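*Asks:* heads up, no residue letters with this:
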C-alpha cells in the first residue's frame with residue numbers, strides 16, 4: 001500500500017511515497033523519495049516522513065542548482081554537514097564562510113589551539129583596542145615626533161632607514177607585519193651587522209610607539225642583535241697629533257685641542273660655547289649638560305694642562321667654541337678630512353677620540369676615570385682600547401699629554417715623534433694631566 005505526496009522546493013516537485021509492508025508478521029512503515037536526476041529512477045528510503053521530506057528538498061535543491069554531485073554523498077558525509085549546520089544555528093555565519101575562517105585560522109595555529117588563541121586575543125583586546133594604521137601613514141608621523149628628540153645627523157639616518165622600511169611595507173598595516181618578514185627584509189639589504197642592528201633598533205622604537213598608540217599589539221622587531229666584529233682602533237702618534245694641531249687654522253685650534261686632550265666627542269664639543277669653556281678653565285673641569293651629551297647624561301670633563309694652554313692662547317672672546325660655518329652636522333663630518341689635507345697626516349676614523357682614550361688609559365692606568373671622562377662604559381673600553389693601550393709606551397702617552405702650542409707657525413714634519421722640534425712651551429715629558437694628579 002502506498003500513499004503519495006509531493007514536496008515543492010526551488011520550483012521543483014519531488015514525489016514522496018508512504019510504504020507499508022509486513023515481514024515476519026510485523027508491519028513496517030517507511031517513506032520513499034523518487035529521484036530521476038541521473039536519468040534513471042533512484043529510490044531513497046527514510047524511516048520518517050520528516051527525514052524523507054528533507055531528502056526531497058535536498059534533491060530539489062540539487063536539481064535546481066545543477067549540483068547533482070551532492071546526491072552522491074554517502075550518509076556519513078551528510079551527517080557531518082547536518083551537524084555543522086546545527087553548530088551554526090543562531091549564528092549569522094554561513095557554512096561556507098565558517099569553513100573559510102577555519103581554514104585561515106588553521107594556517108596560523110593547530111586546530112586544537114584555535115579556541116585558545118581566540119580566547120587570548122579576546123582577553124587582550126579588552127585591555128588594548130586595536131586601531132589599524134598603515135605603515136605608510138605611521139612612519140611620517142613617528143619621524144615628525146622624533147624630529148625634536150634627536151640630532152640632525154641622527155634624524156637623517158632615521159629618515160633613511162624608515163624610508164626603506166616604508167617602501168617595503170607601506171601597504172601593510174603595522175599589526176600585520178611579522179618578525180619573519182622583518183628578518184627577510186634586513187637580509188635582502190645585505191647591511192653590515194652594525195647597520196642591521198641600528199635599523200632593527202629603530203623599527204623596534206617605531207613599534208614601541210605604535211603599541212602605545214594602539215596601532216599594534218606586539219613588537220615584531222624584537223630580534224636578536226647581530227654579533228659585531230671587534231675592529232682595530234686607529235690612533236695618531238704624538239707627532240701626528242702635534243702636526244694636526246699646528247696645521248689647522250687658529251680659530252679651529254681650541255676645538256681640536258679640546259677633542260684631542262679630553263673625553264669629549266666632536267659632536268659634544270661642537271655644542272659648547274666659549275663661555276662654558278672659560279668657566280671650565282676657571283674650575284678645572286668643563287660641565288657637559290645632559291642636553292649636550294650623546295648619552296643624555298651630564299658629566300664633568302677635566303681640562304688637562306696642555307689643553308688649557310691651547311685654549312688660553314686661541315680661545316676667542318665669545319660665541320660658540322666651533323665657528324658657525326663648521327657647526328652644521330655635514331660640515332662637522334668634514335673636519336677630519338680638512339685636518340688631513342692641511343697637515344698631510346692620513347685620516348684615521350675616529351682617530352682623535354681613540355687617541356685620547358688610548359693614551360689616557362695608558363698614562364693614568366685608571367679605566368674607571370677613563371670611561372668617566374669619555375662618557376661610555378667599561379665594556380666598550382675593554383672591547384676597543386685595553387689591548388691598544390698596552391701596545392703604546394708610557395713615554396708615548398706622556399709625550400702626547402705634553403703637546404703644547406708652538407710659538408711659531410712652523411708645522412712639525414712627519415716621522416718619529418722623538419725627533420719633533422721642541423719649543424720653550426713644550427713642557428717636556430714630565431708634564432702631567434691635571435685630572436691624573438688629583
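*Replies:* Right, received. Where do you want to start? Fair warning: this is a prediction, and the values are worked out from it, not measured in the lab.
*Asks:* contacts and neighbour counts: CA atoms only from here.
*Replies:* Will do.
*Asks:* In the chain, mark out all the strands, start to finish.
*Replies:* For the chain, strands defined by DSSP state E occupy the ranges 2-9, 12-23, 26-35, 42-46, 285-288, 299-302.
*Asks:* I'd like to know which elements the second one is packed against.
*Replies:* Helices and strands touching strand 12-23, as assessed by 3 or more CA pairs under 8 Å, 6 or more residues apart in numbering; DSSP states H and E, comprise strand 2-9, strand 26-35, helix 49-65.
*Asks:* residues of the longest one that come out buried?
*Replies:* Meaning helix 49-65. Residues of helix 49-65 classed as buried by neighbour count (16 or more other CA atoms under 10 Å): 49, 52, 53, 55, 56, 57, 58, 59, 60, 61, 62, 63.
*Asks:* can you check the shortest one too?
*Replies:* Using 16+ other CA under 10 Å as the test for burial, strand 2-9 gives residue 7.
*Asks:* got any ranges where this protein has weak pLDDT?
*Replies:* Applying pLDDT under 70 to the chain flags the ranges 1-3, 10, 37-39, 65-74, 78, 124-128, 229-231, 329-330, 407-438.
*Asks:* Pipe the helices and strands packed on strand 12-23 into JSON lines and attach distance to residue 398 per row.
*Replies:* Converted to JSON lines, the helices and strands packed on strand 12-23 look like this (distance: least, CA to CA, whole Å):
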{"stretch": "strand 2-9", "distance to residue 398": "105"}
{"stretch": "strand 26-35", "distance to residue 398": "108"}
{"stretch": "helix 49-65", "distance to residue 398": "98"}
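*Asks:* Excluding covalently adjacent residues, which one is nearest to residue 44?
*Replies:* Spatial nearest neighbour of residue 44, excluding adjacent residues (CA to CA, 6 or more residues apart in numbering): residue 33 at 5.0 Å.
*Asks:* Does the one you found touch residue 52 like I think?
*Replies:* Yes: Residue 33 is in contact with residue 52 according to CA atoms under 8 Å; the separation is 6.4 Å.
*Asks:* got any residues that touch both of these two?
*Replies:* Jointly contacting residue 33 and residue 52 under the rule CA atoms under 8 Å, 6 or more residues apart in numbering are 16, 45.
*Asks:* what sits against residue 121?
*Replies:* Contacts for residue 121 (CA under 8 Å, 6+ apart) come out as none.
*Asks:* make that residue 269, sorry
*Replies:* The neighbours of residue 269, taking CA under 8 Å, 6+ apart as the test, are 255, 258, 259, 321, 322.
*Asks:* Could you report the distance from it to residue 349?
*Replies:* Taking CA to CA, to the nearest Å as the measure, residue 269 falls 17 Å from residue 349.
*Asks:* what does residue 260 give?
*Replies:* According to CA to CA, residue 260 and residue 349 sit 14 Å apart.
*Asks:* Can you pick out the residue with more neighbours from the two?
*Replies:* More neighbours surround residue 260 than the other of residue 260 and residue 349, with 26 against 13 (other CA atoms under 10 Å).
*Asks:* Return the residues in contact with the nearest residue to that one once chain neighbours are set aside.
*Replies:* Once flanking residues are discounted, residue 260 sits nearest to residue 352: 5.4 Å by CA to CA, 6+ apart. By CA under 8 Å, 6+ apart, the residues touching residue 352 are 235, 236, 259, 260.
*Asks:* try 10 Å
*Replies:* Residue 352 is in contact with 234-236, 241, 256-257, 259-263, 265-266, 336, counting by CA atoms under 10 Å, 6 or more residues apart in numbering.
*Asks:* How about residue 123?
*Replies:* residue 117.
*Asks:* Now do the helices for the stretch 51-200 of the chain: every range, in order, please.
*Replies:* Using DSSP state H, counting those that start in this stretch, the helices of the stretch 51-200 of the chain run over residues 75-87, 95-108, 114-127, 135-146, 152-169, 179-189, 193-212.
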